[in-house]
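> take this sequence and fold it.
(one chain, ligands or ions: 1)
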Amino acid sequence: RDDLRGREPYGAPQLDVPYALNTNENPYPPSAALVNAIGEAVKGVAGSLNRYPDRDAVKLREDLAAFLNRDTPGAGLTGRDVWAANGSNEIIQQILQAFGGFGRTALGFEPSYSMHPIITSVSGTAWINAHRDADFGLDPERAIKAVEEHRPDVVFLTSPNNPTGTALPLEAIEAVLKVAPGMVVVDEAYAEFRRAGTPSALTLLPGNPRLIVTRTMSKAFAMAGTRLGYLAADPAVIDALLLVRLPYHLSAVTQAVARTAITFGDELLDSVNALRRERDDVVAWLRAEGLEVAESDANFVLFGRFADRRGVWERMLDRGVLIREVGPPEWLRVSVGTPEEMAAFRTALKEASKEVGE
Ligand code: PLP
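Numbering: from 1, shown residues only. Below you'll find the predicted structure:
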């Protein structure tokens with residue numbers, strides 16, 4: 001296919017390094033109690049693996065709805081309002097299969113999550129690149145103008161945004177919802193890390209049948225290896241996704257592991273508080289070092305600026321610290337790790353910057 005020519009496969013390096021701070025995972029592995037509970041849950045389904053799993057993941061969706069209702073009191077979600085898939089990447093793919101396709105368009109505000117345009121064009125949908133403001137926010141008037149000009153079938157808003165960390169105020173999302181002719185997807189992969197007072201788009205769901213809010217268990221839930229993403233939307237949206245999803249797309253093992261992890265929600269979300277504190281510390285440290293730092297409501301921080309960002313990145317890698325070259329050309333992104341990992345990051349960044357003369 002011509003539109004795939006010249007494209008590289010998804011490229012975040014998977015290297016065996018002491019400090020992997022490049023893919024925004026949760027650095028805290030599951031506790032011994034959770035590992036044990038997962039073992040029991042897998043044993044529980046092992047005896048019936050000759051059968052296909054629940055195609056509609058009914059119980060898992062009910063558990064996810066209950067979790068979202070705790071996250072956003074008043075959301076009032078049931079299992080019918082929630083859908084799940086193999087990571088939120090597959091959720092995004094299903095959305096584009098259902099609402100995009102040849103002859104249709106999707107619009108996003110760059111810099112943002114690189115897989116939105118990639119999954120869009122792989123689905124045959126044309127991608128429209130709009131822009132965030134200089135501070136990586138999104139002025140509602142500018143957003144309205146972009147949507148009115150292009151009239152896309154799907155709009156992507158990412159909040160908190162990857163790679164910048166910036167959360168959007170509800171006014172920006174409401175402004176887009178008011179003028180968008182098609183679906184509005186708010187990708188909230190990092191929602192649990194948002195600072196107090198930063199609202200979730202879940203509060204806008206009632207009465208907005210074109211709004212889809214996507215979440216994942218890969219980040220705050222520390223379950224990236226499980227591959228479980230989900231969304232909340234009007235049940236009519238989910239009916240459309242049922243037409244495009246592969247039957248039995250979520251294995252019985254995945255469903256059992258995810259449901260077990262949800263029962264450990266409080267424990268898992270404790271690590272979120274630790275990561276939030278660590279994030280705020282690293283933001284303060286980077287600023288004290290004289291660097292520019294984007295506001296972050298996520299578990300990563302975008303900082304700059306470097307005339308030779310590749311040089312800094314390479315020299316950090318020499319020291320066993322893998323961060324990410326992503327976003328505008330002079331910026332780098334670090335995922336927030338444990339205190340020990342962040343100490344290694346600080347030392348490596350100082351040394352690497354000195355070495356390349358930054
Ligand atoms: N959305 C955003 C904004 C992300 O940053 C990521 C992963 O980095 C994803 C979605 C995909 O996450 P997953 O497929 O693991 O749920």
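> burial measure for the closest residue to Phe99 other than its chain neighbours, as a count.
Excluding the flanking residues, the one nearest Phe99 by Cβ to Cβ, 6 or more residues apart in numbering is Met183, at 4.9 Å. All C-beta atoms are positioned from the backbone trio N, CA, C, and that covers glycine. Met183: 23 surrounding residues under other Cβ atoms under 10 Å.
> contacts only, for Met183.
Ile95, Phe99, Asp153, Val154, Val155, Arg210, Leu211, Ile212, Val237 (Cβ atoms under 8 Å, 6 or more residues apart in numbering).
> give me the number of residues near the second one?
Think Phe99. If you count neighbours by other Cβ under 10 Å, Phe99 ends up with 22.
> tell me the spacing between Ala199 and Asp54.
In this structure residue 199 is Pro, not Ala. Distance, Pro199 to Asp54, using Cβ to Cβ, to the nearest Å: 33 Å.
> re the thing from before, got the confidence number for the residue nearest to Phe99?
pLDDT, Met183: 98.
> how close does it sit to Ala191?
From Met183 to Ala191 the distance is 19 Å (Cβ to Cβ).
> backbone dihedrals for the residue nearest to Glu267 when sequence neighbours are not counted, please?
Distances taken as Cβ to Cβ, 6+ apart put Ser31 closest to Glu267, at 6.3 Å, once the chain neighbours are dropped. Taking degrees, to the nearest 10, you get phi -70, psi 160 for the backbone angles of Ser31.
> cool, Gly357 as well?
Here Gly357 shows phi and psi, under degrees, to the nearest 10, equal to phi 80, psi 30.
> that one: how many residues sit nearby?
Neighbour tally, Gly357, other Cβ under 10 Å: 8.
> hmm, back to that, wait, which of the contacts of Met183 is closest to the ligand?
Distance to the ligand, by Cβ to the nearest ligand atom, is smallest for Ile95 among the contacts of Met183, at 11.7 Å.
> that closest one looks like it's in a helix, true?
Yes - under DSSP: H, G, I helix; E, B strand; the rest coil, Ile95 sits within a helix.
> correct me, but it touches Phe156?
No - counting by Cβ atoms under 8 Å, Ile95 stays clear of Phe156, with 9.4 Å between them.
> the closest residue to Lys178 other than its chain neighbours: neighbour count?
Leaving aside its chain neighbours, Lys178 sits nearest to Ile144 (7.6 Å; criterion: Cβ to Cβ, 6+ apart). Per other Cβ under 10 Å, the neighbour tally for Ile144 reads 16.
> cool, and Pro73?
Residues near Pro73, counting by other Cβ under 10 Å: 8.
> that one sits in which helix or strand?
Assigned by DSSP states H and E, Pro73 belongs to no helix or strand.
> which residues does it contact?
Counting by Cβ under 8 Å, 6+ apart, Pro73 has no contacts.
> so it versus Pro199, what's the distance?
Where Pro199 is concerned, Pro73 sits at a distance of 12 Å (Cβ to Cβ).
> quick revisit: what distance do you get for the residue nearest to Lys178 to the ligand?
To the ligand, Ile144 is 23 Å away according to Cβ to the nearest ligand atom, to the nearest Å.
> pretty sure that residue is touching Ala175, no?
Yes - using Cβ under 8 Å, Ile144 makes contact with Ala175 at a distance of 5.2 Å.
> residue numbers of the stretch 1-150 of the chain in contact with the ligand?
Asn24, Gly87, Ser88, Asn89, Tyr113 (Cβ under 6 Å from any ligand atom).
> what are the phi and psi values for the second one?
In terms of degrees, to the nearest 10, the main-chain angles of Gly87 are phi 80, psi 160.
> list the contacts for it?
Per Cβ under 8 Å, 6+ apart, neighbours of Gly87: Thr216, Ser218, Arg227, Leu228, Gly229.
> by neighbours, which of these wins?
Counting neighbours by other Cβ under 10 Å, Leu228 leads these with 30 neighbours.
> if we can go back for a sec, ok, what's across the strand from the residue nearest to Phe99?
Note on Met183: beta-bridge partners by DSSP bridges are Val154.
> so Arg80 lies in a helix, does it not?
Yes - per three-state DSSP, Arg80 lies within a helix segment.
> could you check the pLDDT of it?
On the pLDDT scale, Arg80 is placed at 98.
> pull the contacting residues for it.
Arg61, Pro235, Ile238.
> now, among those, which is nearest to Arg276?
Comparing those against Arg276 with Cβ to Cβ places Arg61 closest, at 27.9 Å.
> before we move on, the earlier item: who touches both of Ile95 and Phe156?
Val185.
> helices and strands around the longest helix seen in the chain, which ones?
When the chain is parsed with DSSP state H, its longest helix is helix 265-288. Applying 3 or more Cβ pairs under 8 Å, 6 or more residues apart in numbering; DSSP states H and E, one finds that helix 265-288 makes contact with helix 32-46, strand 292-293, strand 300-304, helix 339-356.
> quick one: the strands in the stretch 151-300 of the chain?
For the stretch 151-300 of the chain, the strands defined by DSSP state E, counting those that start in this stretch cover 154-158, 183-187, 211-216, 229-233, 292-293, 300-304.
> I am finished for the moment; much appreciated.
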